[in-house]
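A.B. asks: Sequence unavailable; structure follows:
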């Protein structure tokens, strides 16, 4: 082993000192921001995170300190995430207008036409209808046009160390992000995404990228940022991994006894109740599915009153993307509109 000269030793110490000063500044900035938002938290959380990444994933400590020092804490993200909760969400009919309009329907048809080969192969490979894949991408990013302009590192660092309500979740996502950029050979400072760290055409969080993103065009890279083929395959794989059932229904309209609505809505938001159980509870459903079929009860507000629906496993799969009954219905109905319009163009 070669000996280190005095000059080299001084240089190393100098570099380490600079890194530690930057590190201390990052920790101090996080603490000041937490105070400005009325939050008390452990300032050492960044240090703990770095030490954990070094111990568990063999990251270089000083490289990681230098990287996180370059992350910018975004007050704008904290303001968005800290908006008062408890406000009643927009009714379904207003939410619907955002996603079921000519722009998204026509855009979906054009996206399908441009990517027909990849969508056909994804449907055959994963069992997920092409229109569902297209609709997810349409709702999430308007077919890749609105993918987010925040650096992913900035967004995740901001939320991991300055947003206590979900800090654990975002620290995990930051961990996954650092791992995926190392695994994929990506510059962690260069990737862009949403204010919450969702990335690419299909808006995958880093943990979802590592679990579900696929190299669908076989070029050796999983590129969900600019490669429609990889994005299509990744969305389809996400659906299949969450147990999409090919050929099975998504959601169907129903009626319900007026005195049973409250009890049915109190059930868990998950298709774990048989139609027999729901019917005994007041559901007036006359579909042709077996009574043993698992389902869930959904209500959606229209301009002329509340409508009721039976959601099946495939509806629940859509909510794995976004746990919202309005979101899932928007994706489903957009998919139907796109499929109908696409069929007319063939």
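C.D. replies: It's in. Just so we're clear, the structure is a prediction, and the values are computed from it rather than from any experiment.
A.B. asks: For the helix or strand encompassing residue 80, list every residue counted as buried.
C.D. replies: Residue 80 is located in helix 75-81, with elements delineated by DSSP states H and E. Residues of helix 75-81 classed as buried: 77-78, 81 (neighbour count, 16 or more other Cβ atoms under 10 Å). Quick note: C-beta positions are derived from backbone N, CA and C, even for glycine.
A.B. asks: name the helices or strands packed onto the longest strand seen in the chain?
C.D. replies: Using DSSP state E to define each element, the chain has its longest strand at strand 294-302. Secondary structure elements in contact with strand 294-302, counted by 3 or more Cβ pairs under 8 Å, 6 or more residues apart in numbering; DSSP states H and E, are helix 92-99, helix 261-265, strand 273-274, helix 275-280, strand 305-311, helix 313-319, helix 325-345.
A.B. asks: Okay, now the sheet partners of that strand, with direction.
C.D. replies: Using DSSP bridges, the strands paired with strand 294-302 are strand 273-274 (antiparallel), strand 305-311 (antiparallel).
A.B. asks: quick one, which of these is nearest to residue 327?
C.D. replies: The closest of the strands paired with strand 294-302 to residue 327 is strand 305-311. By Cβ to Cβ, the value is 12.3 Å.
A.B. asks: which regions of the chain lie under the pLDDT threshold?
C.D. replies: By pLDDT under 70, the weakly predicted segments of the chain are 1-44, 85-86.
A.B. asks: Which secondary structure state does residue 244 sit in?
C.D. replies: coil (DSSP: H, G, I helix; E, B strand; the rest coil).
A.B. asks: one step back: most tightly surrounded among the helices and strands packed on strand 294-302?
C.D. replies: helix 313-319 (a mean of 23; mean count of other Cβ atoms under 10 Å).
A.B. asks: thinking again about what came up before, direction-wise, compare the longest strand of the chain with helix 325-345 and give the angle.
C.D. replies: Put simply, strand 294-302 runs at 90 degrees to helix 325-345, going by axes from the mean of the first three to the mean of the last three Cα atoms, to 10 degrees.
A.B. asks: Now do the buried residues in strand 294-302.
C.D. replies: For strand 294-302, burial by neighbour count (16+ other Cβ under 10 Å) applies to 294-298, 300-301.
A.B. asks: would TSV of these with distance to residue 142 be doable?
C.D. replies: Supplementary listing: the buried residues of strand 294-302 in TSV, determined by distance: Cβ to Cβ, whole Å:
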residue	distance to residue 142
294	33
295	32
296	29
297	31
298	26
300	23
301	25
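A.B. asks: Let me know the closest of the buried residues of helix 75-81 to residue 224.
C.D. replies: Nearest to residue 224 among these is residue 77, at 21.3 Å by Cβ to Cβ.
A.B. asks: Is the closest one in contact with residue 152, as I believe?
C.D. replies: No - contact criterion Cβ atoms under 8 Å: residue 77 and residue 152 do not qualify, at 11.7 Å.
A.B. asks: What residues does the residue nearest to residue 64 when sequence neighbours are not counted make contact with?
C.D. replies: Spatial nearest neighbour of residue 64, excluding adjacent residues (Cβ to Cβ, 6 or more residues apart in numbering): residue 50 at 5.2 Å. Residues in contact with residue 50, defined by Cβ atoms under 8 Å, 6 or more residues apart in numbering, are 23, 59, 61, 64-65, 68.
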